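One predicted model, sequence on top.
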Amino acid sequence: MSQVTLYTDGAAKGNPGPGGYGVVLLSGLHRKEISGGFALTTNNRMELLAVIVGLEALKKENCAVTIYSDSKYVVDSVEKKWVFGWVKIGFKNKKNADLWKRFLAIYPKHKIKFIWIKGHASIKENERCDQLAVEAALSKNLPVDKGYIENKEDINLF
């Protein structure tokens with residue numbers, strides 16, 4: 001079983017506002033950094049999307065993945081099994097259902113363990129993820145976060 005360490009972070013400049021995610025994947029001697037952003041999104045969406053993108057980047061299934069995240073929202077939702085209860089109620093009145101469904105599609109393909117870490121605590125790879133997320137959020141010509149927009153009727157984009 002391949003061992004993978006995944007560091008993730010999300011950022012939003014305003015909440016909602018422009019946002020980005022950063023991922024650092026480590027496995028043996030291999031390292032991969034991934035980032036991306038959206039014109040209008042939330043911090044929690046970017047935190048969750050970082051995890052999803054990191055897991056989707058794995059080329060093999062059945063990896064032992066340790067995910068380090070400073071997001072209580074993401075870590076607690078999985079480790080305290082809240083998200084599995086949300087499935088039973090069809091995600092009724094739950095935010096980010098589109099992303100949680102995407103997460104749940106990849107979650108069973110690996111043996112995943114989440115570890116919550118304090119943000120901005122000089123943890124090298126978490127700091128790198130933060131840097132990637134912030135840079136992505138500040139990028140020009142960011143795409144629309146369709147999942148966010150489709151669930152917000154009161155947003156005026158112009």
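Done, it's in. Numbers count the residues shown, from 1 in each chain.

rest of the way, CA atoms for contacts and neighbours
Noted.

How about residue 147: what's its closest non-neighbour residue?
Of all residues beyond its chain neighbours, the one nearest residue 147 is residue 98 (6.3 Å), with distances taken as Cα to Cα, 6 or more residues apart in numbering.

which SS class is the one you found?
Judged by DSSP: H, G, I helix; E, B strand; the rest coil, the three-state class of residue 98 is helix.

Tell me, how many residues neighbour it?
Each residue near residue 98 was counted by other Cα atoms under 10 Å, and the total is 16.

Distance of it relative to residue 23?
Noted for residue 98: a distance of 20 Å to residue 23, by Cα to Cα, to the nearest Å.

can you list contacts of the one helix or strand in the chain whose mean pLDDT sits lowest?
Sorted by mean pLDDT, DSSP states H and E, the helices and strands of the chain end with helix 146-150, the least confident at a mean of 89. For helix 146-150, the surrounding residues in contact (Cα atoms under 8 Å, 6 or more residues apart in numbering) are 40-41, 96, 98-99, 155.

Need the max-distance pair from those.
Within these, 99 and 155 form the most distant pair, 19.4 Å apart (Cα to Cα).

Quick check: residue 127 touching residue 120?
Yes - between residue 127 and residue 120 there is a contact under Cα atoms under 8 Å: 6.5 Å.

Tell me where the model's unsure across the chain.
Across the chain, residues meeting the criterion (pLDDT under 70) sit at 152-158.

Many thanks, have a good one.
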